[in-house]
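**Q** got a structure for you, letters missing:
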């Protein structure tokens, strides 16, 4: 029952699932997101929805649009 092929396929399936979970993120309607690649801005996301990034390479910073509007107008 427990063949090596079955064990290897379960490990591979688990690794693929882990990478898929680590690469997905959600931008809410009230947010914008910065995708940083090794600390430098790679792209700016202004539209909401499910987005993807490179796991272990990219990081995401989300910013409230309301905070951006008040900071840009000079009112804090």
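**A** Received the coordinates, thanks. Everything numeric in this text was worked out from a predicted model, so none of it was measured. Numbering: from 1, shown residues only.

**Q** got the end-to-end distance for stretch 49-57?
**A** 21 Å (Cα to Cα, to the nearest Å).

**Q** Next: stretch 39-58.
**A** First-to-last residue span, stretch 39-58, Cα to Cα: 8 Å.

**Q** buried ones in that stretch?
**A** Using 16 or more other Cβ atoms under 10 Å as the test for burial, stretch 39-58 gives 45, 51, 53, 58. (C-beta placed from N, C-alpha, C; glycine too.)

**Q** Helices along this protein, start to end?
**A** 4-23, 65-72 (DSSP state H).

**Q** Rebuild these as a markdown table, extending it with mean neighbour count.
**A** A markdown table is the format used below for the helices of the chain (neighbours: other Cβ atoms under 10 Å):
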| stretch | mean neighbour count |
| --- | --- |
| helix 4-23 | 10 |
| helix 65-72 | 11 |
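
**Q** By mean pLDDT, show me the worst of those helices.
**A** Lowest mean pLDDT of the helices of the chain: helix 65-72, a mean of 73.

**Q** quick one, which of the helices of the chain is nearest to residue 34?
**A** helix 65-72 (11.3 Å; Cβ to Cβ).

**Q** Go ahead and measure how far stretch 11-21 is from the middle of the chain.
**A** 16 Å (Cα atoms, centre = their mean, to the nearest Å).

**Q** got a list of contacts for it?
**A** Contact with stretch 11-21 is made by residue 55, as judged by Cβ atoms under 8 Å, 6 or more residues apart in numbering.

**Q** Dead centre of the chain: give me the residue that sits there.
**A** residue 25 (3.7 Å; Cα atoms, centre = their mean).

**Q** quick one, what contacts the closest residue in space to that residue that isn't next to it in sequence?
**A** Using Cβ to Cβ, 6 or more residues apart in numbering and skipping the chain neighbours, the partner closest in space to residue 25 is residue 60 (5.3 Å). Residue 60 makes contact with 25, 33-36, 53 under the criterion Cβ under 8 Å, 6+ apart.
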